[in-house]
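[1] Next come a sequence and a model predicted from it.
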There are 2 protein chains.
Amino acid sequence: MCTSDQAKTAVPQALRFEPRTSVEQVEEGHDLAPRFDRDGLIACVTTDAASGEVLMLGYMNREALERTILTGEAHYWSRSRQVLWHKGATSGMVQTVVELRIDDDQDAVWLRVSLLAGTHSAPASYHVGYRSCFYRTFKPHTGRIGYVQTAKTFDPKLVYGVTPNPTIL
Amino acid sequence: MCTSDQAKTAVPQALRFEPRTSVEQVEEGHDLAPRFDRDGLIACVTTDAASGEVLMLGYMNREALERTILTGEAHYWSRSRQVLWHKGATSGMVQTVVELRIDDDQDAVWLRVSLLAGTHSAPASYHVGYRSCFYRTFKPHTGRIGYVQTAKTFDPKLVYGVTPNPTIL
């Protein structure tokens, strides 16, 4: 959870999601009128504002989106753990919001963030230990996937300890 | 649908998605073992390989992912129209795959594409007419959204004619 001392300066004091009334309003207007799916979630792609690299593809419920905007730090809804998830609360690797964009039909968010090293030596993101979740690429000639990022930027065992692995098979 | 003359060279002739057998296999292995959700879909973030800009956040079913890999052109599942969607089939603005990455738990794809002008004057993407779906940004001081891209790169009425707008309220 966020405490008030974490609040950044360039954030609104209050926030209002508008009801969705017409295609024109949603696609060509200035109302923030996000569409949450049947699970109450909106998809969010998060990129490193400095490098442009895609770091992760996550989901936010209404509260996570509100907290992201109101605190200036990325919050998600963890579908595997079914909890509000303040990114970096465990690892120290908070994502500070540089820009929040929304797509045409307002059912997806693009978050541009800056990564701080936090309590660890290098900016990193994910429970496996690489800088981005997308550390593997498809190799057409073999039909398999190979590593793009070969060095882990942190040891997930040291950072997350005995926290259960969130991956669902 | 794709025809054989659209096939690119650097694509495999056959493709096998592996069964998901362990967290280690999925997260740290070389098997392409995507996880499709209860609707049979996997999320896909698509970026412009040249600029790094996020173009769209879409979804693929198994067939769309297979066709994307086997043809080298992006295919999606249209959730609003409930059809396989070869991007650019109507507009001419095909997305040519430069790279396909997959995330740690293999429930999301990152597609890096190149955009060709197709039959129109400028590379563009979406039914509203902007280069990216994410043409609006949240303005913290007003609590509303404003335009990042102000000029449409094409006229959607000319491109899509009477095709129904896919946005769901």
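    Received, thanks. Residues are numbered from 1 along each chain as shown, chains lettered A, B, ... in the order given.
[2] excluding its backbone neighbours, what's nearest the residue in chain A sticking out farthest from the centre?
    Going by CA atoms, centre = their mean, the residue of chain A most distant from its centre is residue A:141, 32.2 Å out. Distances taken as CB to CB, 6 or more residues apart in numbering or on different chains place residue B:12 nearest to residue A:141, at 7.0 Å, with adjacent residues excluded. Placement of C-beta: from N, CA and C, glycine included.
[3] ok, back up a step: ok, the residue farthest from the centre of chain A to residue A:55 distance?
    27 Å (CB to CB, to the nearest Å).
[4] what do you get for residue A:76?
    As judged by CB to CB, residue A:76 and residue A:55 stand 12 Å apart.
[5] hmm, who's touching the helix or strand containing residue A:70?
    Remark: residue A:70 resides in helix A:62-71, with elements defined by DSSP states H and E. Helix A:62-71 is contacted from outside by A:2, A:6-8, A:11-12, A:15, A:17, A:34, A:36, A:40, A:42, A:60, A:73-77, A:84-86, A:97, A:100, A:109, A:111, B:138, B:140, using CB atoms under 8 Å, 6 or more residues apart in numbering or on different chains.
[6] Emit the PyMOL select command for whichever of these are buried.
    Taking 16 or more other CB atoms under 10 Å in any protein chain shown as the burial criterion, the selection of buried members of these in PyMOL is written as:
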select buried, (chain A and resi 11+17+34+42+60+73+74+75+76+77+84+85+86+97+100+109+111) or (chain B and resi 138+140)
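[7] what kind of secondary structure is the residue farthest from the centre of chain A in?
    coil (DSSP: H, G, I helix; E, B strand; the rest coil).
[8] swap in residue A:96?
    Going by three-state DSSP: residue A:96 is strand.
[9] Count the residues that sit near it.
    Neighbour count of residue A:96, defined by other CB atoms under 10 Å in any protein chain shown: 15.
[10] Could you check how far the closest residue in space to residue A:37 that isn't next to it in sequence is from residue B:96?
    Computed as CB to CB, 6+ apart, the closest residue to residue A:37 that is not its neighbour in sequence is residue A:107, at 7.3 Å. Distance, residue A:107 to residue B:96, by CB to CB: 26 Å.
[11] Give the bridge partners for residue A:101, please.
    Residue A:101 has the following beta-bridge partners by DSSP bridges: residue A:110, residue B:137.
[12] residues in contact with it?
    Contacts of residue A:101 by CB under 8 Å, 6+ apart are A:109, A:110, A:111, A:112, B:54, B:134, B:135, B:136, B:137, B:138, B:148.
[13] out of those, who's nearest residue B:92?
    Closest approach to residue B:92 among the contacts of residue A:101 (CB to CB): residue B:135, at 20.2 Å.
[14] ranges for the strands of chain A?
    Using DSSP state E, the strands found in chain A span residues A:42-48, A:54-60, A:75-78, A:83-86, A:95-102, A:108-115, A:136-139, A:144-147.
[15] Redo those strands as JSON lines? Include mean pLDDT and distance to residue B:25.
    JSON lines is the format used below for the strands of chain A (pLDDT from 0 to 100; distance: least, CB to CB, whole Å):
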{"stretch": "strand A:42-48", "mean pLDDT": "97", "distance to residue B:25": "25"}
{"stretch": "strand A:54-60", "mean pLDDT": "97", "distance to residue B:25": "21"}
{"stretch": "strand A:75-78", "mean pLDDT": "97", "distance to residue B:25": "22"}
{"stretch": "strand A:83-86", "mean pLDDT": "96", "distance to residue B:25": "25"}
{"stretch": "strand A:95-102", "mean pLDDT": "96", "distance to residue B:25": "28"}
{"stretch": "strand A:108-115", "mean pLDDT": "96", "distance to residue B:25": "28"}
{"stretch": "strand A:136-139", "mean pLDDT": "95", "distance to residue B:25": "12"}
{"stretch": "strand A:144-147", "mean pLDDT": "94", "distance to residue B:25": "11"}
